[in-house]
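J.: Test case, fold it:
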Amino acid sequence: MSDIDAFLPDSAFNLGAHAADWREAIRLAGAGLVAAGFTTEAYTDEMIETVEKMGPYIVIAPGLALAHSRPSDAVLNTGLSWVRLDEPVEFGNKANDPVSLVIGLAGRDESEHITVMSAIAAALSKADKREKLASAATPEDIRDVLKG
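T.: Just a heads-up that it's a prediction; the model follows:
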């Protein structure tokens, strides 16, 4: 089992989800983190509070938000969730809105948080990988693209 399999289990995926707004999109990402056993529900609130305080800096590429907050007691294990929205939502980031992919990130400590965030950012910085991820049909297909 590779790191990506451990950090992104099937229970952390929601493909074809609907969100009315950015808060609901982050709640969906938080639900995936909770379902996978990575966080408590309190972490979802922390992710939303982060955007309310810091702005939509989590929208790191066109159509992509990396929802996260600082490591806290609400993080049980380091991991990711993956939410693909059926209709994109606005986060308020003029350069990269609207968002159709929300990746939830929980790190137990700063080191793990940065390691996982860097690996995801590296994979998503390549346009061809983003296209493959956008059309991948299953969690396994998505993990295969991330591994490649």
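J.: Tell me the buried residues in the least confident helix or strand in the chain by mean pLDDT?
T.: When each helix and strand of the chain is scored by mean pLDDT, DSSP states H and E, helix 110-124 comes last, with a mean of 75. Applying a neighbour-count criterion of 16 or more other C-beta atoms under 10 Å, the buried positions in helix 110-124 are 112, 113, 116, 117, 120, 123, 124. No exception for glycine: its C-beta is placed from N, CA and C like everyone else's.
J.: Ok, stretch 138-148 next?
T.: Applying a neighbour-count criterion of 16+ other C-beta under 10 Å, the buried positions in stretch 138-148 are 139, 142, 143, 145, 146.
J.: ok, the closest residue to the second one other than its chain neighbours - contacts?
T.: Okay, so that is residue 142. Beyond its immediate neighbours in the sequence, the residue positioned closest to residue 142 (C-beta to C-beta, 6 or more residues apart in numbering) is residue 136, lying 4.5 Å away. For residue 136, the contacting residues are 142, 144, 145, by C-beta atoms under 8 Å, 6 or more residues apart in numbering.
J.: Could you dump these into CSV with secondary structure added?
T.: Formatted as CSV, the contacts of residue 136 follow (DSSP: H, G, I helix; E, B strand; the rest coil):
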residue, secondary structure
142, helix
144, helix
145, helix
